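Visitor: okay, here's the prediction I keep looking at, along with the sequence it came from:
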Amino acid sequence: MAEFPELTQAVIDGNAKKVLEIVNEELKKNATPQSLLTNYMIPGMLHVGKLMQEGEYFIPEVLRSAKAMRGALELLEPLLGQGADRQSEGYVVIGTVDGDIHDIGKNLVAMLLKGAGFQVNDLGVSVKKEVCIEALKAREGKVILGLSALITPTLEEMPIVIEALKEAGLRDRIKVMVGGAPVTQEFADEIGADGTAEDAAGAVDLAKRLMQS
Ligand code: B12
């Protein structure tokens with residue numbers, strides 16, 4: 001079996017207590033939340049995906065790992081937000097599309113956006129298009145809508161939301177960014193989104209570009 005760093009292995013094992021312990025220890029040693037996430041925790045979750053695909057892990061094991069991730073994300077979130085009391089970079093409404101309940105990646109994107117100074121309205125998971133429209137209407141001016149999807153069938157929801165934006169007369173002031181493991185640049189172009197990014201740091205760069213465009 002492959003050898004992983006202790007923190008990565010603790011995520012794979014779904015050992016929430018150990019994940020928290022190591023994260024706390026590493027923070028005391030001045031590790032940054034970004035590096036703990038990018039170098040250790042996300043690779044752990046990706047390996048869990050591989051084990052699921054290979055039929056070694058089933059939903060209960062995956063949920064244990066997801067829970068361990070969530071506990072540590074709650075601890076890291078305020079730290080990522082430090083220094084964000086500057087002028088707002090912009091306003092982002094974000095959610096996982098209707099029919100899809102995966103939220104670890106979406107939460108990471110939301111966290112890093114907040115950390116970078118964006119105001120974020122996180123609508124949660126399995127968000128209906130009407131709920132997106134409602135949240136966007138409540139805010140004037142340029143707004144970014146971030147849509148996340150992890151399962152291929154729910155990708156279809158993304159163009160449906162974009163169509164709903166057009167019908168509501170909102171498309172010209174709403175910039176749409178889409179993401180999630182199955183989303184490609186080609187798909188984003190095809191459905192008329194304004195951009196996509198492979199990871200949370202890329203999502204922040206993209207959001208900054210979209211605010212300037
Ligand atoms: C954890 C997990 C679960 C957990 C979710 C817990 C939670 N709270 O999220 C549970 C156990 C609930 C689950 C359920 C299911 N899952 Co699941 N799950 C996963 C797993 C293992 C990891 C996903 C994850 O968290 N990745 C880590 C994060 C950090 O990465 P990420 O989500 O890709 O996000 C990053 C980028 O994509 C990007 N990003 C994400 N969102 C956005 C948004 C924007 C705007 C931008 C710019 C960028 C961006 O930035 C993020 C940070 O770097 C994946 C495997 C995989 N390799 O993806 C399968 C996977 C996604 N699941 C899968 C399936 C099939 C299911 C189920 C249908 C299983 C079932 N039979 O019930 C259900 C879905 C139920 C539903 N209706 O949604 C399949 C999907 C296959 C497909 N392509 O269609 C996968 C790929 C596993 C597999 N190989 O078969 N799952």
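Guide: Thanks, I have it.

Visitor: hey, let's count contacts and neighbours off CA atoms from now on
Guide: Will do.

Visitor: may I have stretch 157-165 as CSV, with CA atoms only?
Guide: C-alpha atoms of stretch 157-165 as CSV (Å, rounded to 0.1, in the frame of the first residue of the first chain):
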residue,chain,number,x,y,z
GLU,A,157,-28.1,21.8,-14.4
MET,A,158,-25.4,24.4,-15.2
PRO,A,159,-26.8,25.5,-18.6
ILE,A,160,-30.3,25.4,-17.2
VAL,A,161,-29.3,28.0,-14.5
ILE,A,162,-27.6,30.1,-17.2
GLU,A,163,-30.8,30.0,-19.3
ALA,A,164,-32.8,31.0,-16.2
LEU,A,165,-30.5,34.0,-15.7
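
Visitor: for the protein, longest helix please?
Guide: helix 59-80 (DSSP state H).

Visitor: please list the outside residues in contact with it.
Guide: Under the contact criterion Cα atoms under 8 Å, 6 or more residues apart in numbering, helix 59-80 has outside partners 11-17, 19-20, 23, 33-34, 41, 45, 48-49, 52, 104, 108, 111-112, 114-115.

Visitor: now, of those residues, which are buried?
Guide: Buried members of the contacts of helix 59-80, scored by 16 or more other Cα atoms under 10 Å, are 11-16, 19-20, 23, 33, 41, 45, 48-49, 104, 108, 111-112, 114-115.

Visitor: next up, the contacts around the most centrally placed residue in the chain.
Guide: Centroid check for the chain by Cα atoms, centre = their mean gives Lys106 as the closest residue, at 2.0 Å. By Cα under 8 Å, 6+ apart, the residues touching Lys106 are Ile94, Gly95, Thr96, Ser148, Gly180.

Visitor: residue contacts, the residue nearest to the first one when sequence neighbours are not counted?
Guide: Spelled out, that is Ile94. Closest residue in space to Ile94, ignoring its immediate chain neighbours: Gly146 at 4.4 Å, by Cα to Cα, 6 or more residues apart in numbering. Residues in contact with Gly146, defined by Cα under 8 Å, 6+ apart, are Val92, Val93, Ile94, Gly95, Val176, Met177, Val178, Gly179.

Visitor: hmm, 10 Å instead?
Guide: 92-97, 106, 109-110, 120, 122, 132, 175-179, 193, 195-196, 203, 207 (Cα atoms under 10 Å, 6 or more residues apart in numbering).

Visitor: so which of those are in strands?
Guide: Counting by DSSP state E, the part of the contacts of Gly146 found in strands is 92-96, 120, 122, 175-179, 195-196.
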